[in-house]
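K.L.:
Give me coordinates for this.
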Amino acid sequence: MKKLTLLLFLIVLVIGSFGVVSAQDAPDGVFLGTWPYSLPPNHHFNPFASGGTGDNLGTAYSELVTLAPAFYIWSSDSYEPMLAESFGFSDDGSSYQITLRNDAMWSNGDPITANDVIVTYALGRLQGWSQFTYIDTVEAVDDFTVSFHFKDQPSLLAERLLLREPILPASVYGDFAARALEIFTTDATSESESWVNLKTELSEFRPEELIASGPYSYTLADVSDSYLTLHWQPNSIFSGSVKFGEIRLWAGETDATTPLVLSGEIAFATNVYPPATLETFQQAGIRMINVSRGYGPAMLFNWARAPWNIQEVRQAVALVINRDQNAFLTNGLAAAGTIYMSGILDGNVESMLTPETIAALDHYEFDPARAEELLTGAGFSRNADGVWENADGVSLTGEWLIPADFADFAGASQDAIAQLNAFGFNLTARAVPWQEVPPAIREGNFDVSVWSWGAGSPFSYSHLRNPLRRWQTELDQATQPGMSVPMTEYPYNGGTVNLEDMIVNVNLGIDAATHREKASEIAMIINQTMPFIPLNIMESADPYNTSLLSGLPEDGDPILLNPAGVDHFMKLYILNGTVGPAQ
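P.N.:
All right, here's what the predicted structure looks like:
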């Protein structure tokens, strides 16, 4: 009897020991970063509405909370699995399939299944996601496999959109998805009352809890006016590889974060810092990582307000802004004036456009005399105050809306205003907090403004989408006029073209030569009509404090070639445990 008791005791001891060994404990490290999030009640957990997790964690940190099926590696043009176990085109090219890992869980312990994907894409269709330009149906093949059927040809761009889209929990959004799927079985369109009402209801929904697939989550109590804290959670497939128990994101833009970097309260920052500040960081022994930002500031026009709907006026604007000067005043030596003016970032022009198109592009080199000829030919002349106006008294006057706390965009704006006014425009600046600028652009409450153009993407669609589709056709057209650019009847060469369809279909199919031909046609239209002015292209040097962080590879590591943006290298380094606290 004593032996049996001893044996039972030993079995319990062993089982208990295994339990202790297998239980995951939160890592000790704290990652000190920064992001300009908003405060509650504007801050919430619904990614389908402004102020959700996508806005408040941004491209650098959102996937620490909500994972996508795969991560794109620029150096090898390949995808590294995340939630997905496997993915690829069907043998006949009619569909794309994603099979999820069967061990992936949400933070509440629920398994991540095909149903979560179905729910995500039901609401994506309700919202008008770009994926539905290429796919028509989304079906579960089994508990973990989903098939996306193509409307027409298979598409490499569709592959990227599908693999990089974070998956959302059915436990939170399942009711909305069921109602959306019911609407889709009827003849309802996106303008139908039932569709619009459900979309509105979804945008007003405020989840009480953030259910995460990534190794971190947080509550609204974790959002302060100083910093936002993401807490480690044990149920993610990456919970065992990350080395930080907390991700602390300090609030603020460049001015607010500069002293925090120097004091060691921020270990890594994605803000844009001027040259003098970067030199100070280096003198303090902080490592600087050169990063392609994949965008630059663009001057956006409200076409609903004269004279910005006049092509010659927009071309004149391009000719009288010295873009090299503008670049320096945007971000010092870490920005370059745009050369090709094609709607595609200069660094991607050679790979995305034909040589013939590149040779034919108008560079709009600084030429006030040519600008005068254009304005004179369009019926403008200078009035007694030296301001250009036409015979009807319409002058080159307007208000430039500036995001005051974006030092780079504010610098670009102020310089452009000064250069334009010296030529005979009459622009006034109105600086507001950056959070007020996107809603104003969406609602058409601006004359001219500044926001990003281009994209950190290997596809021309993503470049050409921003800013035209982003601030026009991707908006709710009933309530958000945006830039008021007539995308489906775009004025060009004495007639009109459907620029919307051209951009949407530019990467349709899998033939790269065809992609270049289509992109070249669009680039020439943008180049000749200047619907917006791509002022310059930015790079940056991100400070990385080696006294607080360890593990970052040396310059030249393939992952470091990923640009800032949706494929930001830092989130992958955090997830796979490459970067950890300093030893």
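
K.L.:
only C-alpha atoms for contact and neighbour calcs from this point on.
P.N.:
Noted.

K.L.:
how's the protein carved up into domains?
P.N.:
66-204, 216-268+545-581, 293-538 (automatic domain parsing).

K.L.:
burial count for Glu201?
P.N.:
As a burial measure, Glu201 scores 11 neighbours (other CA atoms under 10 Å).

K.L.:
what helix or strand is it on?
P.N.:
Assigned by DSSP states H and E, Glu201 belongs to helix 193-204.

K.L.:
and after that helix, which helix or strand comes next?
P.N.:
Following helix 193-204 in sequence order, the next helix or strand is strand 216-217 (DSSP H and E).

K.L.:
Can you tell me what sits against that next one?
P.N.:
Contact with strand 216-217 is made by Leu64, Val65, Ser107, Leu210, Ile211, Leu230, His231, Trp232, Gln233, Glu246, as judged by CA atoms under 8 Å, 6 or more residues apart in numbering.

K.L.:
Partner strands of it, with direction?
P.N.:
Here strand 216-217 has these sheet partners by DSSP bridges: strand 227-232 (antiparallel).

K.L.:
quick one on the thing from earlier: which of the contacts of strand 216-217 sits closest to Glu539?
P.N.:
Within these, proximity to Glu539 (CA to CA) peaks at Leu64, which comes in at 24.0 Å.

K.L.:
how close does that closest one get to Ala523?
P.N.:
36 Å (CA to CA, to the nearest Å).

K.L.:
same check, this time on Ser484
P.N.:
Taken as CA to CA, the span from Ser484 to Ala523 is 20 Å.

K.L.:
who has more neighbours, the two?
P.N.:
A direct count of neighbours by other CA under 10 Å for Ser484 and Ala523 places Ala523 higher, at 25 against 22.

K.L.:
Please verify my assumption that that one contacts Leu345.
P.N.:
No: when contacts are counted by CA atoms under 8 Å, Ala523 is not listed as touching Leu345 (10.9 Å).

K.L.:
biggest separation within the contacts of strand 216-217, which pair?
P.N.:
Ile211 and Glu246 (16.8 Å).

K.L.:
list the contacts for Ser194?
P.N.:
Ile183, Ala188.

K.L.:
Same question for Glu204.
P.N.:
So Glu204 contacts Ala49 (CA under 8 Å, 6+ apart).

K.L.:
quick one, helices of the stretch 401-550 of the chain?
P.N.:
Using DSSP state H, counting those that start in this stretch, the helices of the stretch 401-550 of the chain run over residues 407-423, 437-442, 460-465, 499-504, 512-529.

K.L.:
nope, the stretch 151-300 of the chain is what I was after
P.N.:
Going by DSSP H, counting those that start in this stretch, the stretch 151-300 of the chain shows helices at 156-163, 170-184, 193-204, 254-263, 275-283.

K.L.:
Can you redo those helices as JSON lines, where the extra columns are distance to Phe238 and mean pLDDT?
P.N.:
Listed next are the helices of the stretch 151-300 of the chain as JSON lines, based on distance: least, CA to CA, whole Å; pLDDT from 0 to 100:
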{"stretch": "helix 156-163", "distance to Phe238": "18", "mean pLDDT": "94"}
{"stretch": "helix 170-184", "distance to Phe238": "21", "mean pLDDT": "98"}
{"stretch": "helix 193-204", "distance to Phe238": "30", "mean pLDDT": "96"}
{"stretch": "helix 254-263", "distance to Phe238": "28", "mean pLDDT": "93"}
{"stretch": "helix 275-283", "distance to Phe238": "32", "mean pLDDT": "89"}
